[in-house]
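Chemist: generate a structure from the sequence data that follows.
(2 chains)
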There are 2 protein chains.
Amino acid sequence: MRTRFQQGLDELREKLLRMGGLAEQAVDRACQAYVERDLKRCHMVLEDESRINAAEREIDELAFDLLALQQPMAVDLRFILAVTKINSDLERVGDQAVNIAERVMDMVELPATELPVDIPRMAAAVSAMVRRALESFIEGKAELAQAVLEMDNVVDRMRDEAFIVLVRKMNDAPAVTRQALDALLVARNLERVADHATNIAEDVIFWVRGRDVRHNVGGEVAPIRETR
Amino acid sequence: MRTRFQQGLDELREKLLRMGGLAEQAVDRACQAYVERDLKRCHMVLEDESRINAAEREIDELAFDLLALQQPMAVDLRFILAVTKINSDLERVGDQAVNIAERVMDMVELPATELPVDIPRMAAAVSAMVRRALESFIEGKAELAQAVLEMDNVVDRMRDEAFIVLVRKMNDAPAVTRQALDALLVARNLERVADHATNIAEDVIFWVRGRDVRHNVGGEVAPIRETR
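Modeler: Numbering: from 1, shown residues only, chains lettered A, B, ... in the order given. Next up, the predicted model:
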(Lines give C-alpha, C1' and ligand atoms only; values in the text may rest on other atoms or scores of the structure.)
Protein backbone atom coordinates (compact mmCIF):
# COMPACT_ATOMS: atom_id res chain seq x y z
CA MET A 1 0.00 0.00 0.00
CA ARG A 2 1.20 3.48 -0.87
CA THR A 3 1.48 5.87 2.05
CA ARG A 4 0.05 9.36 1.80
CA PHE A 5 3.61 10.66 1.55
CA GLN A 6 4.42 8.36 -1.38
CA GLN A 7 1.21 9.43 -3.11
CA GLY A 8 2.34 13.00 -2.61
CA LEU A 9 5.68 12.24 -4.27
CA ASP A 10 3.90 10.63 -7.23
CA GLU A 11 1.66 13.65 -7.57
CA LEU A 12 4.69 15.92 -7.47
CA ARG A 13 6.35 13.93 -10.25
CA GLU A 14 3.20 14.04 -12.41
CA LYS A 15 2.68 17.76 -11.93
CA LEU A 16 6.29 18.43 -12.87
CA LEU A 17 5.95 16.32 -16.01
CA ARG A 18 2.83 18.17 -17.05
CA MET A 19 4.66 21.42 -16.50
CA GLY A 20 7.56 20.11 -18.58
CA GLY A 21 5.10 19.33 -21.38
CA LEU A 22 3.76 22.89 -21.23
CA ALA A 23 7.25 24.38 -21.33
CA GLU A 24 8.27 22.23 -24.29
CA GLN A 25 5.08 23.13 -26.13
CA ALA A 26 5.70 26.85 -25.52
CA VAL A 27 9.19 26.63 -27.06
CA ASP A 28 7.94 24.62 -30.04
CA ARG A 29 5.11 27.06 -30.64
CA ALA A 30 7.43 30.05 -30.37
CA CYS A 31 9.76 28.54 -32.96
CA GLN A 32 6.88 27.69 -35.31
CA ALA A 33 5.69 31.27 -34.86
CA TYR A 34 9.18 32.40 -35.91
CA VAL A 35 9.23 30.22 -39.02
CA GLU A 36 5.70 31.11 -40.12
CA ARG A 37 5.68 34.72 -38.85
CA ASP A 38 2.48 33.75 -37.08
CA LEU A 39 1.09 36.20 -34.52
CA LYS A 40 -1.64 33.80 -33.41
CA ARG A 41 0.96 31.31 -32.24
CA CYS A 42 2.76 34.14 -30.38
CA HIS A 43 -0.40 34.76 -28.37
CA MET A 44 -0.71 31.05 -27.64
CA VAL A 45 2.81 31.20 -26.18
CA LEU A 46 1.73 34.02 -23.86
CA GLU A 47 -1.22 31.87 -22.71
CA ASP A 48 1.11 28.91 -22.20
CA GLU A 49 3.21 31.09 -19.94
CA SER A 50 0.28 31.89 -17.62
CA ARG A 51 -0.41 28.18 -17.27
CA ILE A 52 3.27 27.49 -16.64
CA ASN A 53 3.39 30.14 -13.92
CA ALA A 54 0.32 28.65 -12.23
CA ALA A 55 1.87 25.18 -12.44
CA GLU A 56 5.11 26.48 -10.88
CA ARG A 57 3.25 27.77 -7.84
CA GLU A 58 1.29 24.53 -7.39
CA ILE A 59 4.46 22.45 -7.51
CA ASP A 60 6.30 24.67 -5.02
CA GLU A 61 3.36 24.50 -2.64
CA LEU A 62 3.13 20.73 -2.87
CA ALA A 63 6.90 20.37 -2.34
CA PHE A 64 6.68 22.64 0.68
CA ASP A 65 3.77 20.63 2.13
CA LEU A 66 5.61 17.35 1.65
CA LEU A 67 8.69 18.69 3.42
CA ALA A 68 6.56 20.17 6.21
CA LEU A 69 4.41 17.05 6.68
CA GLN A 70 7.20 14.74 7.66
CA GLN A 71 10.90 14.22 7.60
CA PRO A 72 11.64 12.62 4.24
CA MET A 73 14.47 10.13 3.93
CA ALA A 74 17.62 11.31 2.19
CA VAL A 75 16.69 10.04 -1.27
CA ASP A 76 13.19 11.56 -1.07
CA LEU A 77 14.58 14.82 0.23
CA ARG A 78 16.97 14.98 -2.70
CA PHE A 79 14.06 14.20 -5.03
CA ILE A 80 11.91 17.02 -3.60
CA LEU A 81 14.77 19.52 -3.74
CA ALA A 82 15.54 18.46 -7.32
CA VAL A 83 11.87 19.00 -8.21
CA THR A 84 11.88 22.55 -6.84
CA LYS A 85 15.00 23.35 -8.86
CA ILE A 86 13.70 21.72 -12.06
CA ASN A 87 10.48 23.62 -11.48
CA SER A 88 12.33 26.98 -11.55
CA ASP A 89 14.17 25.98 -14.70
CA LEU A 90 10.99 24.96 -16.51
CA GLU A 91 9.38 28.25 -15.59
CA ARG A 92 12.35 30.04 -17.11
CA VAL A 93 12.09 27.93 -20.24
CA GLY A 94 8.58 29.36 -20.51
CA ASP A 95 10.04 32.87 -20.12
CA GLN A 96 12.46 32.20 -22.98
CA ALA A 97 9.57 31.07 -25.17
CA VAL A 98 7.86 34.38 -24.38
CA ASN A 99 11.05 36.26 -25.29
CA ILE A 100 11.11 34.45 -28.64
CA ALA A 101 7.44 35.24 -29.23
CA GLU A 102 8.17 38.92 -28.48
CA ARG A 103 10.97 38.94 -31.04
CA VAL A 104 8.61 37.39 -33.59
CA MET A 105 6.03 40.10 -32.86
CA ASP A 106 8.78 42.65 -33.57
CA MET A 107 9.84 40.78 -36.72
CA VAL A 108 6.43 40.62 -38.37
CA GLU A 109 6.32 44.43 -38.39
CA LEU A 110 9.39 44.38 -40.66
CA PRO A 111 9.73 43.18 -44.27
CA ALA A 112 10.45 39.43 -44.47
CA THR A 113 14.04 38.63 -45.42
CA GLU A 114 16.18 35.57 -46.01
CA LEU A 115 18.73 35.14 -43.20
CA PRO A 116 21.74 32.81 -43.11
CA VAL A 117 20.66 30.99 -39.94
CA ASP A 118 18.83 27.72 -39.40
CA ILE A 119 16.64 28.50 -36.39
CA PRO A 120 14.43 25.37 -36.85
CA ARG A 121 17.51 23.13 -36.68
CA MET A 122 18.67 24.84 -33.51
CA ALA A 123 15.13 24.64 -32.06
CA ALA A 124 15.00 20.91 -32.79
CA ALA A 125 18.29 20.33 -30.96
CA VAL A 126 17.12 22.38 -27.99
CA SER A 127 13.72 20.66 -27.80
CA ALA A 128 15.46 17.30 -27.85
CA MET A 129 17.57 18.42 -24.88
CA VAL A 130 14.52 19.45 -22.85
CA ARG A 131 12.71 16.22 -23.75
CA ARG A 132 15.68 14.03 -22.80
CA ALA A 133 16.28 15.94 -19.58
CA LEU A 134 12.65 15.21 -18.62
CA GLU A 135 12.97 11.56 -19.72
CA SER A 136 16.06 11.19 -17.56
CA PHE A 137 13.95 12.52 -14.70
CA ILE A 138 11.00 10.16 -15.34
CA GLU A 139 13.24 7.15 -15.61
CA GLY A 140 15.67 8.27 -12.93
CA LYS A 141 18.56 7.56 -15.30
CA ALA A 142 21.74 9.52 -14.79
CA GLU A 143 23.21 8.29 -18.13
CA LEU A 144 20.39 9.96 -20.05
CA ALA A 145 21.00 13.14 -18.09
CA GLN A 146 24.71 12.90 -18.89
CA ALA A 147 23.89 12.81 -22.61
CA VAL A 148 22.01 16.10 -22.22
CA LEU A 149 25.13 17.74 -20.78
CA GLU A 150 27.05 16.73 -23.90
CA MET A 151 24.40 18.08 -26.27
CA ASP A 152 24.80 21.51 -24.70
CA ASN A 153 28.16 22.05 -26.42
CA VAL A 154 26.55 21.42 -29.81
CA VAL A 155 23.93 24.10 -29.16
CA ASP A 156 26.57 26.55 -27.92
CA ARG A 157 28.44 26.05 -31.21
CA MET A 158 25.26 26.66 -33.22
CA ARG A 159 24.73 29.88 -31.32
CA ASP A 160 28.31 31.04 -31.95
CA GLU A 161 27.93 30.32 -35.67
CA ALA A 162 24.61 32.17 -35.80
CA PHE A 163 26.27 35.11 -34.07
CA ILE A 164 29.10 35.29 -36.63
CA VAL A 165 26.97 35.00 -39.78
CA LEU A 166 24.30 37.39 -38.52
CA VAL A 167 26.77 40.11 -37.56
CA ARG A 168 28.30 39.76 -41.03
CA LYS A 169 24.81 40.12 -42.51
CA MET A 170 24.21 43.31 -40.50
CA ASN A 171 27.43 44.74 -41.92
CA ASP A 172 26.70 43.72 -45.50
CA ALA A 173 23.03 44.66 -45.51
CA PRO A 174 22.29 47.39 -42.93
CA ALA A 175 18.70 47.58 -44.22
CA VAL A 176 17.92 44.26 -42.51
CA THR A 177 19.87 44.91 -39.30
CA ARG A 178 16.76 44.65 -37.15
CA GLN A 179 15.66 41.37 -38.69
CA ALA A 180 19.16 39.95 -38.24
CA LEU A 181 19.22 41.17 -34.64
CA ASP A 182 15.84 39.54 -33.95
CA ALA A 183 17.17 36.24 -35.32
CA LEU A 184 20.35 36.60 -33.26
CA LEU A 185 18.34 37.15 -30.09
CA VAL A 186 16.10 34.16 -30.88
CA ALA A 187 19.25 32.04 -31.23
CA ARG A 188 20.39 33.37 -27.86
CA ASN A 189 17.04 32.53 -26.26
CA LEU A 190 17.26 28.99 -27.61
CA GLU A 191 20.75 28.66 -26.20
CA ARG A 192 19.34 29.67 -22.82
CA VAL A 193 16.64 27.02 -23.07
CA ALA A 194 19.49 24.55 -23.64
CA ASP A 195 21.19 25.89 -20.50
CA HIS A 196 18.02 25.22 -18.51
CA ALA A 197 17.84 21.68 -19.93
CA THR A 198 21.44 21.29 -18.74
CA ASN A 199 20.50 22.51 -15.26
CA ILE A 200 17.63 20.01 -15.18
CA ALA A 201 19.97 17.19 -16.22
CA GLU A 202 22.38 18.18 -13.43
CA ASP A 203 19.55 18.14 -10.90
CA VAL A 204 18.49 14.67 -12.08
CA ILE A 205 22.05 13.43 -11.57
CA PHE A 206 22.09 15.04 -8.12
CA TRP A 207 18.88 13.23 -7.28
CA VAL A 208 19.88 9.85 -8.70
CA ARG A 209 23.50 9.78 -7.68
CA GLY A 210 23.44 11.97 -4.61
CA ARG A 211 26.30 14.01 -5.86
CA ASP A 212 26.68 17.52 -7.14
CA VAL A 213 27.85 17.42 -10.77
CA ARG A 214 27.47 21.12 -11.31
CA HIS A 215 30.50 23.01 -12.57
CA ASN A 216 32.28 19.73 -13.40
CA VAL A 217 33.63 19.20 -9.94
CA GLY A 218 35.64 16.08 -9.40
CA GLY A 219 35.50 14.68 -12.93
CA GLU A 220 34.35 11.06 -12.59
CA VAL A 221 30.79 10.31 -11.60
CA ALA A 222 30.31 8.63 -8.24
CA PRO A 223 28.46 5.31 -8.00
CA ILE A 224 24.82 5.33 -6.96
CA ARG A 225 24.51 5.60 -3.21
CA GLU A 226 21.77 3.45 -1.75
CA THR A 227 20.06 5.49 0.90
CA ARG A 228 17.07 3.27 1.55
CA MET B 1 21.42 29.01 24.14
CA ARG B 2 21.44 28.45 20.40
CA THR B 3 20.72 24.92 19.28
CA ARG B 4 22.90 23.23 16.69
CA PHE B 5 20.08 23.68 14.20
CA GLN B 6 19.85 27.40 14.86
CA GLN B 7 23.61 27.70 14.47
CA GLY B 8 23.24 25.91 11.15
CA LEU B 9 20.63 28.45 10.04
CA ASP B 10 22.92 31.33 11.00
CA GLU B 11 25.77 29.75 9.09
CA LEU B 12 23.50 29.33 6.06
CA ARG B 13 22.55 33.01 6.19
CA GLU B 14 26.18 34.12 6.47
CA LYS B 15 27.32 31.91 3.61
CA LEU B 16 24.56 33.24 1.40
CA LEU B 17 25.51 36.83 2.23
CA ARG B 18 29.13 36.18 1.38
CA MET B 19 28.01 34.66 -1.89
CA GLY B 20 25.82 37.71 -2.54
CA GLY B 21 28.86 39.92 -1.97
CA LEU B 22 30.85 37.89 -4.50
CA ALA B 23 28.07 38.09 -7.10
CA GLU B 24 27.71 41.86 -6.65
CA GLN B 25 31.47 42.30 -6.92
CA ALA B 26 31.56 40.26 -10.15
CA VAL B 27 28.88 42.46 -11.77
CA ASP B 28 30.62 45.67 -10.63
CA ARG B 29 33.97 44.45 -11.94
CA ALA B 30 32.46 43.40 -15.26
CA CYS B 31 30.92 46.85 -15.71
CA GLN B 32 34.16 48.59 -14.78
CA ALA B 33 35.90 46.33 -17.29
CA TYR B 34 33.38 47.52 -19.90
CA VAL B 35 33.93 51.21 -19.12
CA GLU B 36 37.73 50.96 -19.01
CA ARG B 37 38.13 48.25 -21.68
CA ASP B 38 40.16 46.41 -19.06
CA LEU B 39 41.08 42.79 -19.77
CA LYS B 40 42.62 42.29 -16.32
CA ARG B 41 39.26 42.98 -14.69
CA CYS B 42 37.63 40.51 -17.11
CA HIS B 43 39.89 37.79 -15.81
CA MET B 44 39.06 38.74 -12.24
CA VAL B 45 35.40 38.20 -13.10
CA LEU B 46 36.20 34.69 -14.31
CA GLU B 47 37.96 34.01 -11.00
CA ASP B 48 34.98 35.42 -9.10
CA GLU B 49 32.77 32.95 -10.94
CA SER B 50 34.78 29.93 -9.75
CA ARG B 51 34.45 31.16 -6.18
CA ILE B 52 30.72 31.75 -6.68
CA ASN B 53 30.25 28.24 -8.04
CA ALA B 54 32.08 26.75 -5.06
CA ALA B 55 29.94 28.84 -2.69
CA GLU B 56 26.76 27.65 -4.42
CA ARG B 57 27.66 24.01 -3.78
CA GLU B 58 28.52 24.63 -0.13
CA ILE B 59 25.23 26.39 0.48
CA ASP B 60 23.17 23.67 -1.21
CA GLU B 61 24.95 21.02 0.83
CA LEU B 62 24.38 22.85 4.10
CA ALA B 63 20.68 23.41 3.23
CA PHE B 64 20.33 19.71 2.43
CA ASP B 65 21.99 18.71 5.70
CA LEU B 66 19.75 21.01 7.72
CA LEU B 67 16.64 19.57 6.08
CA ALA B 68 17.90 16.03 6.55
CA LEU B 69 18.98 16.51 10.16
CA GLN B 70 15.59 17.34 11.51
CA GLN B 71 12.13 18.46 10.60
CA PRO B 72 12.28 22.24 10.56
CA MET B 73 9.23 24.24 11.59
CA ALA B 74 7.30 25.98 8.83
CA VAL B 75 9.08 29.32 9.06
CA ASP B 76 12.53 27.67 9.07
CA LEU B 77 11.53 25.40 6.21
CA ARG B 78 10.46 28.41 4.17
CA PHE B 79 13.75 30.10 5.06
CA ILE B 80 15.84 27.13 3.90
CA LEU B 81 13.87 26.79 0.67
CA ALA B 82 14.20 30.53 0.04
CA VAL B 83 17.97 30.22 0.57
CA THR B 84 18.27 27.45 -2.02
CA LYS B 85 16.37 29.55 -4.54
CA ILE B 86 18.31 32.75 -3.80
CA ASN B 87 21.46 30.65 -4.10
CA SER B 88 20.58 29.64 -7.67
CA ASP B 89 19.81 33.23 -8.59
CA LEU B 90 23.10 34.52 -7.21
CA GLU B 91 24.98 31.88 -9.14
CA ARG B 92 23.25 33.07 -12.30
CA VAL B 93 24.12 36.66 -11.50
CA GLY B 94 27.72 35.45 -11.57
CA ASP B 95 27.06 33.87 -14.99
CA GLN B 96 25.75 37.19 -16.29
CA ALA B 97 28.89 38.93 -15.05
CA VAL B 98 30.91 36.37 -17.02
CA ASN B 99 28.78 37.05 -20.12
CA ILE B 100 29.51 40.76 -19.76
CA ALA B 101 33.24 40.07 -19.34
CA GLU B 102 33.14 37.95 -22.51
CA ARG B 103 31.52 40.79 -24.43
CA VAL B 104 34.21 43.16 -23.15
CA MET B 105 36.90 40.73 -24.32
CA ASP B 106 35.27 40.82 -27.77
CA MET B 107 35.00 44.61 -27.66
CA VAL B 108 38.64 45.35 -26.85
CA GLU B 109 39.65 43.64 -30.11
CA LEU B 110 37.65 46.31 -31.98
CA PRO B 111 38.33 50.05 -32.34
CA ALA B 112 36.90 52.06 -29.45
CA THR B 113 33.79 54.05 -30.39
CA GLU B 114 31.37 56.45 -28.73
CA LEU B 115 27.96 54.76 -28.26
CA PRO B 116 24.67 56.43 -27.29
CA VAL B 117 24.09 54.25 -24.23
CA ASP B 118 24.80 54.84 -20.54
CA ILE B 119 25.89 51.39 -19.36
CA PRO B 120 27.35 52.69 -16.03
CA ARG B 121 23.98 54.25 -15.15
CA MET B 122 22.18 51.00 -15.90
CA ALA B 123 24.82 49.05 -13.96
CA ALA B 124 24.36 51.34 -10.95
CA ALA B 125 20.58 50.74 -10.97
CA VAL B 126 21.06 46.99 -11.26
CA SER B 127 23.68 46.84 -8.50
CA ALA B 128 21.33 48.77 -6.23
CA MET B 129 18.62 46.19 -6.90
CA VAL B 130 20.89 43.28 -5.99
CA ARG B 131 22.11 45.09 -2.87
CA ARG B 132 18.59 45.92 -1.68
CA ALA B 133 17.35 42.43 -2.41
CA LEU B 134 20.10 41.10 -0.14
CA GLU B 135 19.38 43.76 2.50
CA SER B 136 15.72 42.76 2.48
CA PHE B 137 16.91 39.21 3.10
CA ILE B 138 19.28 40.15 5.96
CA GLU B 139 16.66 42.26 7.68
CA GLY B 140 13.76 39.99 6.78
CA LYS B 141 11.83 43.02 5.53
CA ALA B 142 9.21 42.43 2.87
CA GLU B 143 8.79 46.20 2.26
CA LEU B 144 12.42 46.47 1.12
CA ALA B 145 11.89 43.49 -1.15
CA GLN B 146 8.76 45.12 -2.56
CA ALA B 147 10.82 48.20 -3.50
CA VAL B 148 13.13 45.96 -5.54
CA LEU B 149 10.16 44.68 -7.57
CA GLU B 150 9.30 48.26 -8.49
CA MET B 151 12.88 49.10 -9.55
CA ASP B 152 12.73 46.30 -12.11
CA ASN B 153 10.43 48.32 -14.36
CA VAL B 154 12.96 51.15 -14.46
CA VAL B 155 15.71 48.79 -15.60
CA ASP B 156 13.43 47.23 -18.22
CA ARG B 157 12.80 50.70 -19.62
CA MET B 158 16.54 51.44 -19.73
CA ARG B 159 17.08 48.21 -21.65
CA ASP B 160 14.33 49.09 -24.16
CA GLU B 161 15.85 52.52 -24.71
CA ALA B 162 19.32 51.04 -25.17
CA PHE B 163 17.87 48.60 -27.70
CA ILE B 164 16.27 51.37 -29.77
CA VAL B 165 19.25 53.74 -29.88
CA LEU B 166 21.77 50.98 -30.53
CA VAL B 167 19.80 49.49 -33.44
CA ARG B 168 19.58 52.99 -34.90
CA LYS B 169 23.35 53.31 -34.48
CA MET B 170 23.90 50.00 -36.31
CA ASN B 171 21.83 51.31 -39.20
CA ASP B 172 23.52 54.71 -39.35
CA ALA B 173 27.07 53.44 -38.84
CA PRO B 174 27.44 49.83 -40.02
CA ALA B 175 31.19 50.04 -39.36
CA VAL B 176 30.54 49.89 -35.62
CA THR B 177 27.78 47.24 -35.72
CA ARG B 178 29.77 44.81 -33.62
CA GLN B 179 30.57 47.37 -30.95
CA ALA B 180 26.90 48.40 -30.81
CA LEU B 181 25.85 44.77 -30.60
CA ASP B 182 28.29 44.14 -27.74
CA ALA B 183 26.82 47.11 -25.85
CA LEU B 184 23.29 45.87 -26.56
CA LEU B 185 24.10 42.44 -25.19
CA VAL B 186 25.72 43.95 -22.10
CA ALA B 187 22.50 45.92 -21.51
CA ARG B 188 20.58 42.68 -21.87
CA ASN B 189 22.84 40.91 -19.39
CA LEU B 190 22.32 43.72 -16.89
CA GLU B 191 18.58 43.45 -17.35
CA ARG B 192 18.86 39.75 -16.50
CA VAL B 193 20.79 40.55 -13.35
CA ALA B 194 17.86 42.81 -12.44
CA ASP B 195 15.51 39.87 -13.09
CA HIS B 196 17.51 37.74 -10.67
CA ALA B 197 17.37 40.52 -8.05
CA THR B 198 13.59 40.48 -8.59
CA ASN B 199 13.47 36.72 -8.07
CA ILE B 200 15.47 37.12 -4.86
CA ALA B 201 13.08 39.80 -3.63
CA GLU B 202 10.13 37.51 -4.34
CA ASP B 203 11.78 34.70 -2.41
CA VAL B 204 12.35 37.02 0.55
CA ILE B 205 8.67 37.96 0.54
CA PHE B 206 7.76 34.26 0.36
CA TRP B 207 9.95 33.61 3.36
CA VAL B 208 8.79 36.60 5.42
CA ARG B 209 5.12 36.56 4.56
CA GLY B 210 4.60 32.91 3.78
CA ARG B 211 2.90 33.70 0.55
CA ASP B 212 3.84 33.36 -3.07
CA VAL B 213 4.02 36.81 -4.67
CA ARG B 214 5.42 35.52 -7.92
CA HIS B 215 3.54 36.43 -11.07
CA ASN B 216 1.45 38.98 -9.13
CA VAL B 217 -1.15 36.54 -7.99
CA GLY B 218 -3.87 37.86 -5.78
CA GLY B 219 -2.94 41.55 -5.64
CA GLU B 220 -2.81 42.57 -1.97
CA VAL B 221 -0.09 41.25 0.26
CA ALA B 222 -1.19 38.97 3.06
CA PRO B 223 -0.31 39.75 6.69
CA ILE B 224 2.61 37.95 8.30
CA ARG B 225 1.58 34.51 9.44
CA GLU B 226 3.04 33.56 12.80
CA THR B 227 4.19 30.00 12.55
CA ARG B 228 6.12 29.71 15.76
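Chemist: residues from chain A in reach of chain B?
Modeler: Proximity of chain A to chain B is confined to A:53-54, A:56-57, A:60-61, A:63-64, A:67-68, A:70-71, A:74, A:77-78, A:81, A:84-85, A:88, A:167, A:170-171, A:174-175, A:177-178, A:181, A:184, A:212, A:214-215, A:217 under the rule Cβ under 8 Å from any Cβ of the partner chain. In short, each C-beta sits where N, CA and C put it, glycine included.
Chemist: just the buried subset of those, please.
Modeler: A:53, A:56, A:60, A:63-64, A:67, A:77-78, A:81, A:84-85, A:88, A:167, A:170-171, A:174, A:177-178, A:181, A:184, A:212, A:214 (16 or more other Cβ atoms under 10 Å in any protein chain shown).
Chemist: which of the residues of chain A next to chain B fall in helices?
Modeler: Among the residues of chain A next to chain B, DSSP state H puts A:53-54, A:56-57, A:60-61, A:63-64, A:67-68, A:74, A:77-78, A:81, A:84-85, A:88, A:167, A:170-171, A:177-178, A:181, A:184 in helices.
Chemist: name the element A:Y34 belongs to?
Modeler: For A:Y34, the element it lies in under DSSP states H and E is helix A:4-36.
Chemist: again with A:L115
Modeler: With DSSP H and E as the test, A:L115 turns up in no helix or strand.
Chemist: nearest spatial neighbour of it, skipping sequence neighbours?
Modeler: Leaving aside its sequence neighbours, A:L115 sits nearest to A:A183 (Cβ to Cβ, 6 or more residues apart in numbering or on different chains; 5.1 Å).
Chemist: got the contact list for that neighbour?
Modeler: A:A183 makes contact with A:115, A:117, A:119, A:162, A:166, according to Cβ atoms under 8 Å, 6 or more residues apart in numbering or on different chains.
Chemist: nearest to B:L16, of those?
Modeler: Using Cβ to Cβ, A:A162 comes nearest to B:L16 of the contacts of A:A183, at 36.6 Å.
Chemist: list the contacts for the closest one?
Modeler: By Cβ under 8 Å, 6+ apart, the contact set of A:A162 is A:117, A:122, A:183-184, A:187.
Chemist: and A:A187, by the same measure?
Modeler: So A:A187 contacts A:117, A:119, A:122, A:158-159, A:162-163, A:166 (Cβ under 8 Å, 6+ apart).
Chemist: distance of it relative to chain B?
Modeler: From A:A187 over to chain B the distance is 12 Å, taken as Cβ to the nearest Cβ, to the nearest Å.
Chemist: where does the prediction get shaky in chain A?
Modeler: Along chain A, segments meeting pLDDT under 70 span A:1, A:211-228.
Chemist: swap the cut-off to 50 and go again
Modeler: A:217-228 (pLDDT under 50).
Chemist: what count of nearby residues applies to A:A124?
Modeler: Close neighbours of A:A124, defined as other Cβ atoms under 10 Å in any protein chain shown, add up to 13.
Chemist: show me the two of the contacts of A:A183 that sit farthest apart.
Modeler: Using Cβ to Cβ, the pair of the contacts of A:A183 lying farthest apart is A:I119 and A:L166, separated by 10.7 Å.
Chemist: neighbour count winner among these two?
Modeler: Between A:I119 and A:L166, counting by other Cβ under 10 Å, A:L166 is the more crowded of the two (24 against 18).
Chemist: am I right that the more buried one is in contact with A:A180?
Modeler: Yes: shown here, A:L166 and A:A180 form a contact pair, counting by Cβ atoms under 8 Å, at 4.7 Å.
Chemist: which neighbours do those two share?
Modeler: Joint contacts of A:L166 and A:A180 (Cβ under 8 Å, 6+ apart) are A:L115.
Chemist: which of the contacts of A:A183 lies closest to chain B?
Modeler: A:L166 (9.1 Å; Cβ to the nearest Cβ).
Chemist: returning to that earlier point: quick one: buried residues of the helix holding A:Y34?
Modeler: Neighbour counts over helix A:4-36 (16+ other Cβ under 10 Å) mark A:8-9, A:12, A:15-16, A:19-20, A:22-34 as buried.
Chemist: so what's the nearest residue to A:K141 once chain neighbours are set aside up against?
Modeler: Excluding its sequence neighbours, the residue lying closest to A:K141 (Cβ to Cβ, 6+ apart) is A:V208, at 7.2 Å. Counting by Cβ under 8 Å, 6+ apart, A:V208 makes contact with A:140-142, A:145, A:224.
Chemist: of the residues you listed - the most surrounded one?
Modeler: Going by other Cβ under 10 Å, A:A145 tops those with 28 neighbours.
Chemist: shouldn't that one be in contact with A:A197?
Modeler: No: using Cβ under 8 Å, A:A145 is not in contact with A:A197, being 9.8 Å away.
Chemist: what is in contact with those two at once?
Modeler: Shared contacts of A:A145 and A:A197, counting by Cβ under 8 Å, 6+ apart, come down to A:A133.
Chemist: run a quick neighbour tally on A:N153.
Modeler: When neighbours are defined as other Cβ under 10 Å, A:N153 has 11 of them.
Chemist: swap in A:E150?
Modeler: Per other Cβ under 10 Å, the neighbour tally for A:E150 reads 11.
Chemist: likewise for A:P120?
Modeler: A:P120 has 12 neighbours, counted by other Cβ under 10 Å.
Chemist: thought it was touching A:D28?
Modeler: No: A:P120 is beyond contact range of A:D28, at 10.4 Å (criterion: Cβ under 8 Å).
Chemist: what angle do whichever helix or strand A:N189 is part of and helix A:4-36 make?
Modeler: Using DSSP H and E, the element containing A:N189 is helix A:177-209. In terms of direction (axes from the mean of the first three to the mean of the last three Cα atoms, to 10 degrees), helix A:177-209 departs from helix A:4-36 by 160 degrees.
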